[in-house]
Structure formats: structure tokens, C-alpha cells
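Engineer: here is the input, now give the coordinates:
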Amino acid sequence: MMEENCCISKKKTYRDEEEKKQLTKRLNIIEGQIRGIKQMIQDDRYCDDVLTQMLAVNKALKSLENVILEKHLERCIAKQIKEGNAEVTEEIMNLFKKMR
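Structural biologist: Reported below is the predicted structural model:
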């Protein structure tokens, strides 16, 4: 039933509770990493150490981005293509341009 309601609105994606829990968990980890970087700055930590932590945050964000993109393609985009919505091609192309 969840798949049928996936992308009814152009501005909403309906996620089940398990997916929300997993995404929120990842975001909480990233948030903690950001707070850690902020503390490192306050503690005058060595630049290389700060930059290493920043790279870890970037990697975590990229990984989260990939998960959300994959779900978007599997659910929302595939559903619209099956329904004959050719405009979705432009939407996904614009999204990929933004992600570069």
C-alpha cells in the first residue's frame, strides 16, 4: 500500500517509519560529527585533524545523498515513468545538474 501513495504530491515523498528512522539515525550521526568539528575549532585542534573530520562528514553526507537518490529513482521517478509522465526526465536531469 505504501508504494501506491509514494509520490502523490510533487512536493512530498511518503516514507515508512523504518526508512525515516534509518535516515534520522544517519542525520543524527552527521549532526554529532559537525558538533565535534565545532568543538575541535574551539579547542584549537590541528588543521589536519579538523580537515580529516570534515572529509568524514562530507563522505557521510554523500552516502546519505546516494541512499535518498536511490529511493527517489526506485519509487518516485519509476512510478511517474510508468504513468507516462515524460516531464519527469527533465526533473531528474535538473537534479543531477544540481548534484554536480
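Engineer: list the buried residues of the host helix or strand of residue 66.
Structural biologist: Element membership for residue 66 (DSSP states H and E) is helix 47-71. Buried residues in helix 47-71, counted by 16 or more other CB atoms under 10 Å: 50, 53, 57, 60, 64, 71. All C-beta atoms are positioned from the backbone trio N, CA, C, and that covers glycine.
Engineer: for stretch 20-36, same thing?
Structural biologist: 26, 30, 33.
Engineer: work out the gap between that stretch and the centre of the chain.
Structural biologist: 11 Å (CA atoms, centre = their mean, to the nearest Å).
Engineer: avg pLDDT for it?
Structural biologist: Averaging pLDDT along stretch 20-36 gives 98.
Engineer: what does it contact?
Structural biologist: The contact list for stretch 20-36, computed with CB atoms under 8 Å, 6 or more residues apart in numbering, reads 15, 53, 56, 57, 60, 61, 63, 64, 67, 68.
Engineer: which pair of those residues spans the longest distance?
Structural biologist: Farthest pair in the contacts of stretch 20-36 (CB to CB) is 15 and 53. Separation: 29.0 Å.
Engineer: can you count the residues close to residue 73?
Structural biologist: 13 (other CB atoms under 10 Å).
Engineer: name the nearest residue to it, sequence neighbours excluded.
Structural biologist: residue 92 (7.6 Å; CB to CB, 6 or more residues apart in numbering).
Engineer: distance-wise, check that neighbour relative to residue 100.
Structural biologist: According to CB to CB, to the nearest Å, residue 92 and residue 100 sit 13 Å apart.
Engineer: got it, and residue 43?
Structural biologist: Distance from residue 43 to residue 100, by CB to CB: 35 Å.
Engineer: who's more crowded, these two?
Structural biologist: Neighbours per residue (other CB under 10 Å) separate residue 43 from residue 100, with residue 43 holding more: 9 against 4.
Engineer: relative to its centre, which residue of this protein is most distant?
Structural biologist: residue 44 (31.0 Å; CA atoms, centre = their mean).
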